[in-house]
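> Predicted model, plus sequence, below.
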Amino acid sequence: MAKAKLMDYDKALELFEPVLGFEVHVELSTKTKMFSSAPNYFGGEPNTNITPTCLGLPGSLPVVNGQAVRYSISLGLALGCQIAPSSRFARKNYFYPDLAKNYQISQFDEPIAFGGSVDVELPDGRTFTVPIERAHMEEDAGKLTHVGGSTGRIQGAEYSLVDYNRAGVPLVEIVTDIIYGAEKDAPELAKAYVATIRDIVVALGISDAKMERGNLRCDANISLRPRTAPGEPPAKLGTRTETKNVNSLRSVERAIRYEIQRQAQILADGGTITQETRHWHEDTGTTSAGRPKSDADDYRYFPEPDLLPVVPSPELIEELRAALPEPPAARRRRLKQEWGFTDLEFQDVQNAGLLVEVSETVAAGASPQAARKWWSGEISRIANSRSAEASSLVSPADVAALVGLIDSGALNDRLARQVLEGVIDGEGTPQEVVDARGLAVVSDDGPLIAAIDEALAAQPDVLAKIKDGKVQAAGAVIGAVMKAMKGQADAARVRELVLERAAAE
Amino acid sequence: MSEITQEQVAHLANLARIALTPDEIESLTKELGSIVDNVAKVSEVATADVPATSHPIPLQNVYRDDVPGNTLTTEQALAGAPDHDGSRFRVTAILGEEQ
């Protein structure tokens, strides 16, 4: 495939105004699927979490998951949307084996939520308001694996294998209005928007929101229009492309930048943009042409005859509105200020998804810096090595207790790491692990002095070196003492004692 | 007479993956046209005080609790499939892409 010519980014921005639009799909973390009682779980053995409804078998009927409706209303409210007094499902007809029914149940003319907006924070601190057109409920499709051909992609495949475990998983699709005015920040805005949607659904507790697992997926629409002289009316909107398969925050940013540069070059060369879907390739950082975009008419939407209207009561809507969490942007600002973290420290915690953990550890009495250090450091390291979620290993209360033991001098960092492992392995609270393993720091000087005497006897020249000003020679003695004490000594105290001894010689 | 054209019928047949002969397209164009005309008669008698409905029974908010139920075994799931490979359905190579 010929490599697309790209215009310099700044040059592209000089000539054209980027116009954006996003469709973000959020998989809801309900226990069951949207229209059947099959477990909402995929990634395991293929075709195990399916019912006749998931396969569209004759005689099967969909029934709406009430919890999915509640989650969707909560999300709509968090997006500042109005909740439709009455909404209904529709069939989107297309022939592709990712759904066995030959249609997807979605919403078309009556989405559950519409007309909202989301405040997004750009890296320079500016707030950009992204207009939300609608959020509607639908079902996810099954997973296809293309076999044969050289690339593992669709082109050249000999056949495809289908796993329907994901078919019917509840989705909310969030559609923005046309977004003007992002200008040179368009790539950063795209990333910040998707990150904000992720924060919102995490705060609501309605999705696992892991982009790498496809819980949250972004299709990015972009078009360019030529700039006009001041005072003249703006040019007509350009033809847009829709880039799919963008499954990380970083990719969202890169894909937008790439499309701006690609489209600008084509337009500047006198070419035209084809209205099509484009596939993002993470490895090469490029997009390639997919299918021409179908007209909505070609999906032959019609009201889903097997399902009844969704008419949420005003009481339910108000109940869900009252339960909404603090908006993510406000929460981030508040916590960052309260904790006194640097931008980098805060981003680390946030990107690791540990805001809740750090927050609760601080609430349990630990200092913000200590809470950050343990969650972002040792606990995350153990979580990585065990392929587990940090939050599943240890409770914020235990981390706070551990920090308390360090602050009181009962543990040093090295012992604290051993205690943490004991807690993670189910040996009890930090204090219980300390007691059971006898791990407390030896603070009585007696045993320390005995160990120092022993170490000095083995390395008789150390004291002379220290007296000659080579203080670093003390390190060998401290190391020997720590080893003899099995790490249960306060290294700073040992150093003090060694230096005192040298001074007294 | 309605405005259903042979081109529309051919396009719909293509979307629905139904192979139609030219004769079938011609007769279906006429039949679909008269169906549309008949439905249009309903529109004539529909009045503003009768809201459009997509369901004949006045029911709403019929929900299921979010509780997992029985699932098919993989063998049951694959039983009606023309072809499978291990625990997955096998389908012919697909031109085009996921929607």
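Perfect, I can see it now.

> Now do residue A:437: how many residues are near it, please.
15 (other CB atoms under 10 Å in any protein chain shown). Where C-beta positions appear, they are placed from N, C-alpha and C, glycine not excepted.

> what residues are up against it?
Counting by CB atoms under 8 Å, 6 or more residues apart in numbering or on different chains, residue A:437 makes contact with A:418, A:419, A:422, A:427.

> distance of it from chain B?
41 Å (CB to the nearest CB, to the nearest Å).

> Got the phi and psi for that residue?
Main-chain torsions, residue A:437, degrees, to the nearest 10: phi -90, psi -10.

> picking that back up, between the contacts of residue A:437, identify the one with the most neighbours.
Counting neighbours by other CB under 10 Å, residue A:419 comes out on top of these with 28 neighbours.

> Would you agree that residue falls within a strand?
No. If the criterion is DSSP: H, G, I helix; E, B strand; the rest coil, then residue A:419 is helix and not within a strand.

> How about the residues of the stretch 201-350 of chain A by chain B?
With CB under 8 Å from any CB of the partner chain as the criterion, the stretch 201-350 of chain A meets chain B at residues A:277, A:279, A:290-291, A:298, A:300, A:303-305, A:308-312.

> what about the chain, any weak spots by pLDDT?
Using chain A here. Chain A contains residues with pLDDT under 70 at A:1-2, A:149-156, A:292-294, A:351, A:443.

> not what I meant, chain B
Across chain B, the ranges flagged by pLDDT under 70 are B:1-2, B:94-99.

> Now do the helix or strand that contains residue A:338: distance to the chain's middle.
Secondary structure assignment for residue A:338, by DSSP states H and E: helix A:328-339. The chain centre lies 18 Å from the centre of helix A:328-339; the measure is CA atoms, centre = their mean, to the nearest Å.

> what's in contact with it?
A:119-121, A:127, A:196, A:199-200, A:203, A:325-326, A:346, A:350, A:355, A:358-359, A:362, A:368-369, A:372.

> Which parts of chain B are helices?
For chain B, the helices defined by DSSP state H occupy B:6-15, B:22-45, B:74-79.

> The longest one packs against which elements?
Spelled out, it's helix B:22-45. Helices and strands touching helix B:22-45, by 3 or more CB pairs under 8 Å, 6 or more residues apart in numbering or on different chains; DSSP states H and E, are helix B:6-15.

> and for the helix it packs on, what are the contacting residues?
Residues from elsewhere that reach helix B:6-15, judged by CB under 8 Å, 6+ apart: A:93, A:95, A:298, A:300, B:19, B:20, B:25, B:26, B:28, B:29, B:32.

> mind redoing it with 10 Å?
A:93-95, A:294, A:297-300, B:4-5, B:18-20, B:22, B:24-33 (CB atoms under 10 Å, 6 or more residues apart in numbering or on different chains).

> and those, which are buried?
Listed as buried from the contacts of helix B:6-15 are A:93, A:94, A:299, B:4, B:20, B:25, B:28, B:29, B:32, B:33; burial here means 16 or more other CB atoms under 10 Å in any protein chain shown.

> Go through the residues you listed and name the one nearest residue A:78.
Closest approach between these and residue A:78, by CB to CB: residue A:299, at 28.4 Å.

> related to what we said a few turns ago, list the buried ones in the helix holding residue A:338?
A:328, A:329, A:332, A:335, A:336, A:339.

> mind putting those in CSV, distance to residue A:317 included?
Listed next are those as CSV, based on distance: CB to CB, whole Å:
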residue, distance to residue A:317
A:328, 21
A:329, 23
A:332, 27
A:335, 29
A:336, 32
A:339, 34
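
> following the one helix or strand residue A:344 maps to, which helix or strand shows up next?
For residue A:344, the element it lies in under DSSP H and E is helix A:343-351. Following helix A:343-351 in sequence order, the next helix or strand is helix A:355-363 (DSSP H and E).

> what secondary structure does residue A:138 sit in?
Assigned with three-state DSSP, residue A:138 falls in the strand class.

> which one is it nearest to, not counting chain neighbours?
The spatially closest residue to residue A:138, leaving aside those adjacent along the chain, is residue A:106, at 3.8 Å (CB to CB, 6 or more residues apart in numbering or on different chains).

> Next one: that neighbour from residue A:304, what distance?
9 Å (CB to CB, to the nearest Å).

> Kindly point out which residues are neighbours of both of those two.
By CB under 10 Å, 6+ apart, residue A:106 and residue A:304 have these common neighbours: A:89, A:90, A:91, A:92.

> and which of these is nearest chain B?
residue A:92 (7.8 Å; CB to the nearest CB).

> right, and the closest one touches residue A:297 too?
No. Applying CB atoms under 10 Å as the test, residue A:92 and residue A:297 come out as separate, 11.6 Å apart.

> Let's check: the centremost residue of chain B is which one?
Compute the mean C-alpha point of chain B, and by CA atoms, centre = their mean the closest residue is residue B:16, 8.3 Å away.

> Pull up the gap between that residue and chain A, please.
For residue B:16 relative to chain A (CB to the nearest CB), the value is 8 Å.

> Could you pull up the residues touching residue 4?
Just so you know, I chose chain A. Contacts of residue A:4 (CB under 10 Å, 6+ apart): A:258, A:259, A:261, A:262, A:263, A:265, A:266, A:286, A:287, A:288, A:289.

> oops, chain B please
By CB under 10 Å, 6+ apart, the residues touching residue B:4 are B:12, B:28, B:29, B:30, B:31, B:32, B:33, B:34, B:35, B:36, B:37.

> let's see 7 Å
Counting by CB atoms under 7 Å, 6 or more residues apart in numbering or on different chains, residue B:4 makes contact with B:29, B:32, B:33, B:36.

> Spatially, what comes nearest to the spatially most central residue of chain A if we skip its sequence neighbours?
By CA atoms, centre = their mean, chain A has its centre lying nearest to residue A:210, at 5.0 Å. Ranked by CB to CB, 6+ apart and with sequence neighbours excluded, the top spatial neighbour of residue A:210 is residue A:216, at 7.1 Å.

> What of residue A:147?
The shortest distance from residue A:147 to any residue other than its chain neighbours is 5.5 Å, reached at residue A:159 (CB to CB, 6+ apart).

> wait, isn't that neighbour in contact with residue B:88?
No. Using CB atoms under 7 Å, residue A:159 is not in contact with residue B:88; the gap is 10.5 Å.

> Tell me which of those two has more neighbours.
Comparing residue A:159 with residue B:88 by other CB under 10 Å, the one with more neighbours is residue B:88, at 23 against 15.

> I'd like the distance from whatever helix or strand residue A:483 lives in to the chain centre, please.
Using DSSP H and E, residue A:483 falls within helix A:474-484. Chain-centre distance of helix A:474-484: 44 Å, with CA atoms, centre = their mean.

> Against which helices or strands is that helix packed?
Under the contact criterion of 3 or more CB pairs under 7 Å, 6 or more residues apart in numbering or on different chains; DSSP states H and E, helix A:474-484 touches helix A:445-458, helix A:462-467, helix A:491-504.
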